[in-house]
Every structure is written in structure tokens, then in C-alpha cells.
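Asker: I'd like to go over a predicted model; first the sequence, then the structure.
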Amino acid sequence: MNDMTPTSAERALKLEGMGCKRKRVEDIRFTQGKGNYVDDLKLPGMLYGDFNRSPHGHARIKKIDTTKAAAVPGVVAVITAETLKTVNLAWMPTLAGDTQMVLADGKVLFQNQEVAFVIAEDRYTAADAADLVEVEYEALPVNVDPLKAMAPNAPMIREDLKDKTDGAHGKRKHYNHIFSWQAGDKAAADAAFQKAEVTIREMIVYPRVHPCPLETCQCVASFDKIKGELTLWGTFQAPHVIRTVGSLISKIPEHKIHVIAPDIGGGFGNKVGAYPGYICSIVASIVTGRPVKWVEDRIENLSTTAFARDFYMDVEIAATKDGKVTGLRCYTIADHGAFDACANATKWPAGLFSIISGSYDFPAAHCLVDGVYTNKAPGGVAYRCSFRVTEAAYAIERAMDIMAQKLGMDPAEFRMKNLIRREQFPYTSAFGWQYDSGDYQTAMNKAMESVDYKKLRDEQKTKREAFKRGETRELMGIGVAFFTEIVGAGPSRACDILGIAMFDSAEIRIHPTGSGICRLGTKSQGQGHETTYAQIIATELGLPADNIMVEEGNTDTAPYGLGTYGSRSTPVSGAATAMACRKIKAKAQMIAAYMLEVHDDDLEWDVDRFRVRGNPERFKTMTELAWAAYHEVPPGMEPGLEAINYYDPPNFTFPFGAYICVVNVDVDTGQTKVRRFYALDDCGTRINPMIIEGQIHGGLTEAFAIAMGQEIHYDDDGNVTTASFMDYFLPTAVETPHWETDWTTTPSPHHPIGAKGVGESPNVGGVPCFSNAVNDAFGFLGSTHIQMPHDNWRTWTAAEKLGLHAE
Ligand code: CDP
């Protein structure tokens, strides 16, 4: 080796593997307007579909007349439920074991429900004609309040289920009841409350919100009558699931369905499920023999495709006087809208909500969730969260603050006292989850030191005194949140969708020249998968990340996988990628041993090569071995250098974080200024720190949006009053605060590269942190809980209730 020979460290740097702030390769096309989205697709003879939708929240349909719509020049067909019945597609199964109307059948159950689908030569004609579909309605009583859904005289939402005493998850208690689901030990929790020295109880509402991907839901269906094959391009977070569901519904054999998800402009859970737009486009293509495009507009997106949250959580904590938690109980009513189309693993109708004991060592806990039908749009997706984890994190983090307030303890100190200790990992929670790894105290200490927590509290004390003296009309709030997530669905023993275990997959082909392609069952919607999966391969195989192409989203070429949502890509497919690499590496080692005429065991790995132990001058680089795999394999060995892995994770991963937020609230206007937001995340091994930072920034911005303004609101007549960005808060760069990010690294012991998911964390931790900050501002005046969203009006109202506006 001479002085010019690169060292191992220098060679490792050149690979741009794990830990490198590699620039996003996909941005080359995105920043130049060269992305390929569904709406970019133009096929010869393509038609366009648009919906006529219900103006009512609940109404019987007496008559639908499509004559005028069908007569509009350029209209090719108009589809109603009656048309769909002829092909047995008027209703479709949901992911949650329910059935859902594709087009309104007999009555409408929520405002903007799909009633008729008009197919025309262009989008504008389709939209104009959709307005000409004449529907005679008879209005019915509406219920949009989940707390009234099981009242004896509540309007019956689902007449089709009237006589069904059993649902997908057991007995139904009422005609508007969907399921009851519970976890933990009720007797133990009740006993803890009987003995408790101090208890708190609060109804904590996480309002209905909606993910806001820049690109709405859309598809193009093209049925080839000659071949009997359907090609479906769409904004699908889970293309293989769409293919399987599509085959089950349409009876088209699965191998004759080609599902392609091209570039996707954000998903956040909104693009997991199957929507009437997809089914109608498929039927329309079969009927007309031409490709059909359906593109949702913003109002349709906000008011009809999958919502998130809508959880009403009655939370109780029991504790000792000196601040040790002893018990947790939570009874939740979950509003699922008119159909149960919640995207959850089959066994978990309330998702992973039983992570509600959070980061704290609760000896006893119990939760019970009742799902109910109301006159609202269906859904219940994990908007930047892992299956109801953000609801759980919000409930526990607010409740911990409320208990700290009652005990007269500082909320950070109260958390510190109850955090699961490092030596308790792997830790089994009172709900039975086994948390894989954590070092919570270190994270919390680092967060508190970084923001100089003590100084902030001193400043707050001074300001409160000034407020009491009438010298200022501003209150200072400090929000603390410590969250534990559960991501990486999931182990097949716990998680499946429609009976398909939630494994995921990676197939890697290394070409003779040492470049390669990796195909996966996941699908990026902006998370940078093309960049980061290549980094895992670079480190595992010693090939430059730039030499690896990553491809997702085509069911014809990708191995079967369950898709991207709930931060499952890294925990599941990231692991599959590493495991496939290891198969390739094992084969390469045998080829190297053959070429170097040594035993396999005499070789050691050094960044990008196998070298002979004790004789490092004798080596074969991975690039050389790739070439050899195609012309010089040992006798009896198959040529080629490819591998596939289907990874069934042994457990979830449990990322965590400590967030601190400082706000100033003007009690006269209700305006809240975010002074500081510090986010420390621990996602185990970090693949690309720059992408992680981007994920945190995006998730925090969404958390800010939810906590400070987003709500899908219905009036008592079932009208959605927040169906456009005029009324539904979407922060721009102007409103978005500055984010300070930080990290600790506690690898997952069961993941091949120690990585945990990260994409959902900032939303899960961010929402309670903002809410705790606003609540903390008012806490010293006797307020215990102000409901989200903390927009100016609600904050002003909270101040009014506390008598702060009195003359
Ligand atoms: O499933 P999804 O891609 O939404 O979430 P994720 O697994 O949390 O990954 C989001 C992005 O962050 C991906 O590009 C990951 O490769 C990256 N990431 C990382 O660099 N290091 C981690 N420990 C976790 C995620």
C-alpha cells in the first residue's frame, strides 16, 4: 500500500452509504418539473370521469335521472349504483371488514358522497354534466356527534346492517355500533384507581383532521378487452394491496391486473385505501373500452377520501402524592363515519392505540375503544402516524401534564420520575408491547439542557408575575412532550391486511459491472426511498450508492409487499434490503474464496472488498466479484448475483423523542406565537441524517397545522364547513415556525441495521407538545385542558372563560 492508496475510511466515504447526508437523487427530476405523476399520464382515446355528489348529510334517494347529463355533447356514459349492480360492484369491501357503497344505493350517508359517475371526452364536460344529474332526495335526521351515536333514538346510519348483531370484531351493542376493542388488565387498573392517592380524569378530544397531500387521489384505468387485462395507474401507497383487492372485487385474475404507482406527491395515509373513484374508473373503462382518468379536486379530497383521528378519549391517571404513576384507564369513542373503512391491521380495529401508556412505567392499564357510525365520510387513516399512535400519544401526553398540574410538579420533572429506565429494556408495557430499546432519561436531559429549561421556567415565572400585575397581556407557555412510537407493522403474528401478513420485500440484482437495481414492495410518496435504500446497499455491499437504482410501485416487477405508511419502510423493507444484501454478500464471499484460492473463513470484509486475513494485499473488490459472478463462479455454483428477501419483522420498532416548545399567547387576540420548537428524535441507526431532518421538518409542520388550526368540522345538518383551504388550515412558510432538531441514537436490537422508523415521529410528538405549550400558558390560572385546535378563536375563548377579558 502506498501513500496514495485510499484508506478504508476514505473508501467508505466514497460509497455514500449509511450515515451520509447524501443528496436526494429523486430531486433531480422533481426540481426540474420532470416528475411523472398520474395526471401527467395521457393515453390515446382517454376519457375523464367526475362525480355527482350528495348535498345532504343523510337522505333517502327517491329518484336519479341521468337523462340531461347523458345528453350533454361529449358525455360517453353515466354510471349509477344501478349500473354497478349489473356487475355486482355497487358495494365494495373495506380494509376493516365492512362494506361500502361505491355509488349511493338507496340513500346517502354523508355530504359529498358519490352518487353518479359521469364519463366524458374531457374533464370539464364531465364536471358540467355531473351537475346535471338530477337526484330527488328526502332528507333524513343527521347525526355527526359520535357521543350521541349510540343513543336509543339516534338516526340509524346503516340500514343494511339493521339486523346484524355481529360485526367484523364481535358483538354490536347498537345499530350504529361497529366494534368494541380492549387491551390491558381492567381488574388491575381498577384496583390501582381504588388505591390511588391522586387521580385525574379528562375528556381529551382529537378532532377529525385530514391529510393534505399536494397531489390529491387519482387514477387511470385501462382495460384491454382482447387480453382481458386491466392496467391501473394511481396514487397508491400500497400498490400490491390495491391489486389484490382489485382482483377480489372485480374477479379479474390477479396476474391480469397491472398496478402502477408512478411518482406520488405526498400520501400521509390518504392514499392507502380503495376509493369509489378507482372502482368507477375501472368499470367505466370496461364499459367504454377506453382508458378513464379520475382526478379528485381539493374539496373532494378534504371531504370524502380518508380522514384521520376523530377520537374522543376519556383518560384517567392514578398516581401517588409524590408523583409516581400507578394506573391508567381510557375509554374512547372512535368516530368512523358512515362506513368502517379504517386502514388498520385486521386484528387491531383501533390500531396500535394501546401504546397509550407511552414512555412511562405504568404498572396497570386498561383501554376500551368503541367504534361508531355517524353521517361523516369514512376513513380513519394514519395521517403521518402509525395506526392511531398519535391519538394515544396526544392523550397520554396531555394527561401527564394535567396530572403534573394537579400534583403541583413541573411537567418535565414528573415525566422524568416516571420514564421507563434504560435498564428496563426490553420493556414489556402493561398492554403487553415489548419496547425494543430506549434511553429516555438521556434524551430528556439532553432536551432540557439544550433549551436551558430552567432558565425558560424562570422567565415564565417573571412573566406570569408581570401578567398578574397587569403589565403585559401576553402569557408564556412551555410545552414538554416525551413520546414513544410503535412503528414497522409488522410481525405476522400480530399484523395482517385481509389475511396477508404484513411482511415486506426487497429484490436486488447486481449487474456484471457492479451496478444494480433494487425493487421493493414499498412506495415512496416523497420520503426519498430512491436515495436511502441505495445507501443501505452501499454500506452492506460496498458498492457506491450512485450505482444502485431503486424502483418501487410496479406490481409486475416489484416483489409482493404491503406498502408504505406508518413508518414501516425502514423497519420492514429496510431490513429486507439488508437481508437480501447479506445473501448476495455470502455468495460473493464464496466467489472471492474460489478466485483467491483460500477457504471462505480465511476472508474478512473490508468496506468494499473481501481480503485474505493477515494478507490484506490479496483481495477482491465487490465490483470485481460482480463481474466474476457472471463468468467465473466456482464449479457447481449458479451464475449471477441476485437475491430476494421477504422480511417478517420479529417485533415492531419503538422510536422515541423529547420535544420542547415555547409559545407566547396574546390573551386579547388569542394569537399564539411559537418562539421555539426543539425536537430530539431517536430513530436508532440513522441512514441519511439530511433526509431524517427533512422528515422531521415536514412532520413538525403537519403537527403545527393539526395542533394550531386543522379540523374537519361538520355543522348539525351534516354540512362540512371546512372543505377547502379557505377554511382548513394549511400552513405556508410564513406561518411555519423555525425547527431546532437534535438526536440520540439507540439502535433497535432486532433490526438488521438497528434502524427504527422516523417519518411519523414528529407528528406524534409534535401535536401534544404544541398543545401542552398552549395549555401550559393558561395552567397557572386554573385551566386544566383546552381542546385542540388552538386557533385564535378557541384560544381567545379560553381566555374569555377564565375571565381575562373582563373590564
Ligand atoms: O415508511 P416511510 O418511508 O414513510 O417512513 P420511514 O421508514 O420512517 O422512512 C422515512 C425516510 O427516512 C426514508 O427515506 C428512510 O430511509 C429515512 N430514514 C433514515 O434515514 N434513517 C432511519 N433510521 C429511519 C428512516
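Answerer: Thanks, I have it.
Asker: which residues of the stretch 401-550 of the chain lie near the ligand?
Answerer: Contacts of the stretch 401-550 of the chain with the ligand, taken as Cβ under 6 Å from any ligand atom, map to 527-529, 532. All C-beta atoms are positioned from the backbone trio N, CA, C, and that covers glycine.
Asker: put together a markdown table for those residues, with neighbour count, pLDDT and secondary structure on each row.
Answerer: As requested, these are arranged in a markdown table below (neighbours: other Cβ atoms under 10 Å; pLDDT from 0 to 100; DSSP: H, G, I helix; E, B strand; the rest coil):
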| residue | neighbour count | pLDDT | secondary structure |
| --- | --- | --- | --- |
| 527 | 24 | 97 | coil |
| 528 | 24 | 97 | coil |
| 529 | 26 | 98 | helix |
| 532 | 26 | 98 | helix |
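Asker: and those residues as TSV, adding distance to residue 353?
Answerer: Below are those laid out as TSV (distance: Cβ to Cβ, whole Å):
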residue	distance to residue 353
527	24
528	29
529	28
532	29
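Asker: check the offset of stretch 437-450 from the chain's centre.
Answerer: Centroid displacement of stretch 437-450 relative to its chain, using Cα atoms, centre = their mean, to the nearest Å, is 25 Å.
Asker: so where does the residue lying closest to residue 29 once chain neighbours are set aside fall, helix or strand?
Answerer: Excluding the flanking residues, the one nearest residue 29 by Cβ to Cβ, 6 or more residues apart in numbering is residue 35, at 5.5 Å. Residue 35 belongs to no helix or strand when assigned by DSSP states H and E.
Asker: count of neighbours near residue 35?
Answerer: A total of 16 residues lie near residue 35 under the criterion other Cβ atoms under 10 Å.
Asker: per-residue confidence at it?
Answerer: The model reports residue 35 with a pLDDT of 96.
Asker: do I have it right that residue 262 meets residue 41?
Answerer: Yes: between residue 262 and residue 41 a contact is recorded at 7.3 Å, counting by Cβ atoms under 8 Å.
Asker: got the residues of the chain near the ligand?
Answerer: Taking Cβ under 6 Å from any ligand atom as the contact definition, the chain meets the ligand at 527-529, 532, 564, 567-570, 683-688, 691-692, 695, 755-759.
Asker: tell me the phi and psi of the residue lying closest to residue 222 once chain neighbours are set aside?
Answerer: Closest residue to residue 222 apart from its sequence neighbours, by Cβ to Cβ, 6+ apart: residue 291 at 3.9 Å. Reported as degrees, to the nearest 10, the phi and psi values for residue 291 are phi -60, psi 140.
Asker: quick revisit: shared neighbours of residue 262 and residue 41, anything?
Answerer: Listed contacts common to residue 262 and residue 41 are residue 233; contacts here mean Cβ atoms under 8 Å, 6 or more residues apart in numbering.
Asker: how far off centre is the longest helix seen in the chain?
Answerer: If you go by DSSP state H, the chain has its longest helix at helix 575-596. Mean C-alpha position of helix 575-596 versus that of the full chain (Cα atoms, centre = their mean) differs by 34 Å.
Asker: buried sites along that helix?
Answerer: 575-581, 584-585, 587-596 (16 or more other Cβ atoms under 10 Å).
Asker: pairing partners for the helix or strand following it, with directions?
Answerer: Next along the chain after helix 575-596, taking DSSP H and E as the criterion, comes strand 603-606. Sheet pairing for strand 603-606, assigned by DSSP bridges, gives strand 609-612 (antiparallel).
Asker: dump the partner strand to CSV, restricted to CA.
Answerer: The C-alpha coordinates for strand 609-612 follow below in CSV (Å, rounded to 0.1, in the frame of the first residue of the first chain):
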residue,chain,number,x,y,z
ARG,A,609,-13.9,-6.0,-0.6
PHE,A,610,-13.1,-9.4,0.8
ARG,A,611,-9.4,-9.6,1.7
VAL,A,612,-7.3,-12.5,3.0
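Asker: what sits up against the following helix or strand past it?
Answerer: Where DSSP H and E defines the elements, the next helix or strand beyond strand 609-612 is strand 615-621. Here strand 615-621 makes contact (Cβ under 8 Å, 6+ apart) with 1, 542, 591-592, 595-596, 606, 608-612, 628.
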